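Engineer: no FASTA, just this:
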C-alpha cells in the first residue's frame, strides 16, 4: 500500500470518527475508567492521577501531565497495546473503510472551518494546565480572582503568536506573548473554538486586541467554567463569570461577548438562570440590552408552569462589570485586614 492511499484511509477514518470517539473506544474494549473524564493513571506512562480523557475537540482528546496530549488513535494504541496499522483497521471496523482515493486528486484548499478546528486543537495541545504562580494565575490574582483550582477549560500557552494586519491586509506576527486560552464549547459539549487573552507581566498585553476569539460564528457557545446545575449564572466575560462564581458560589458560564450572551444555549436541566450583565450605560447600553434579550428569550421559550426563573443583575456604577465590583470588594477587604 502506497503512502497516499494510507494517508487517505487515516484522514477518512478521522473524519468519520469525529464526535464519536468515546463510543468507538468503548466498543473496542478501552476501559471505562480511562474514558471517565476523571484524573487517573495514564495508559502510556502510568502514574496515579496525571491523565484525563476530555474529548474536548471530538477527536478522542486527552492530556497527560507527563507525556503530553493526544487523540483517539494514540489512546487506542496505548490502552490496547496496538500498532498504528492495527488501530486504524479497528477504527475502520466501527466507522467503515474509506472509499479508494482518486488516483490524482485535484488540489483544493482545506475548508476554513476544518483549518480553524485543527489550529484550535494544536494550540490547546501546546498549552498547559494553569498552575499556581504561572502567568495566567498571576493575571487572575491581580484581578482579585484567587482560585484554589483553575477550571479545566482554561489553559496557559507559554508563547502564543500575536498577529496584526499590515497595509496590504495580510496578517503578520508582531510578537509572542504568554496567553490564557479558554475552550468555547457548543451545545454538544465539543469545542467550537478558543478565546485568547494575551498577557505580559501579570496584565493584559499592551496590544490593540489583547482578547481575541480564534474564529467567528460561535452562535450561543460558551466557556463552561463550571458544570451546570439546577441554577446557573451567566455573564459576558471570563473574568466576570469567575468573579460571580467566587462571590455567589453559583456555577458560571461566560459568553465572551454581549452579542453572544443574547444567543446563549443553556441545558434543559437549568431552571434558574441568573444573568450578570455589564453596566454599559456610558456606552450604548449594549450589555443591558443583550442581557434582557436573553432573559426574554428564556422566559418565552417555556411559558407557564415550565418557565425558567430568570433574573438580571446590574452593577450600580456605569462602565462597570461584576469583575470590577468583585475587585473593589477584594481590595477593600485586603486594606481592612492590613
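Structural biologist: Sure, I can see it. A quick note: this is a predicted structure, and the numbers were derived from the prediction, not measured. Residues are numbered from 1 along each chain as shown.

Engineer: show me the helices in the stretch 101-250 of the chain, by range?
Structural biologist: For the stretch 101-250 of the chain, the helices defined by DSSP state H, counting those that start in this stretch cover 112-126, 135-142, 238-248.

Engineer: what's the most buried one of the ones you listed?
Structural biologist: Ranked by mean neighbour count, those are led by helix 238-248 with a mean of 23 (mean count of other CB atoms under 10 Å). All C-beta atoms are positioned from the backbone trio N, CA, C, and that covers glycine.

Engineer: who's in contact with it?
Structural biologist: With CB atoms under 8 Å, 6 or more residues apart in numbering as the test, helix 238-248 has contacts from 140, 143-147, 154, 180, 182, 195, 197, 223, 225-226, 233-235, 250-254, 256, 274, 276, 278, 321-323, 325-327, 329.

Engineer: among those residues, which ones are in strands?
Structural biologist: Cross-referencing the contacts of helix 238-248 against strands under DSSP state E gives 154, 180, 182, 195, 197, 223, 233-235, 252-254, 274, 276.

Engineer: show me how the record splits this protein into domains.
Structural biologist: 3-108, 117-217, 219-338 (automatic domain parsing).

Engineer: what bits of the stretch 101-250 of the chain have low per-residue confidence?
Structural biologist: Where the stretch 101-250 of the chain drops to pLDDT under 70, the residues are 101-111.

Engineer: mind running it again at 80?
Structural biologist: Scanning the stretch 101-250 of the chain for pLDDT under 80 picks out 101-114, 216-217.

Engineer: which of the contacts of helix 238-248 are buried?
Structural biologist: For these, a burial check counting by 16 or more other CB atoms under 10 Å picks out 140, 143-145, 147, 154, 180, 182, 195, 197, 223, 225-226, 233-235, 250-254, 256, 274, 276, 278, 321-323, 325-327.

Engineer: quick revisit: residue 293: which of the ones in strands among the contacts of helix 238-248 is nearest?
Structural biologist: residue 234 (12.7 Å; CB to CB).

Engineer: return the residues in contact with the most centrally placed residue in the chain.
Structural biologist: For the chain, the residue nearest the mean C-alpha position is residue 183 (1.0 Å; CA atoms, centre = their mean). By CB under 8 Å, 6+ apart, residue 183 lies in contact with 56, 124, 153, 154, 155, 191, 194, 223.

Engineer: give me the beta-bridge partners of it?
Structural biologist: Note on residue 183: beta-bridge partners by DSSP bridges are residue 194.

Engineer: bridging residues for residue 252?
Structural biologist: Bridge pairing for residue 252 - DSSP bridges - gives residue 233.

Engineer: ok, it touching residue 234?
Structural biologist: Yes. Contact between residue 252 and residue 234 holds when scored by CB atoms under 8 Å: they sit 7.0 Å apart.

Engineer: residue 186: neighbouring residues, count only.
Structural biologist: 16 (other CB atoms under 10 Å).

Engineer: and what of residue 23?
Structural biologist: Around residue 23 there are 12 residues (other CB under 10 Å).

Engineer: CSV please, covering the helices of the stretch 101-250 of the chain and showing distance to residue 95.
Structural biologist: As requested, the helices of the stretch 101-250 of the chain are arranged in CSV below (distance: least, CB to CB, whole Å):
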stretch, distance to residue 95
helix 112-126, 17
helix 135-142, 37
helix 238-248, 36
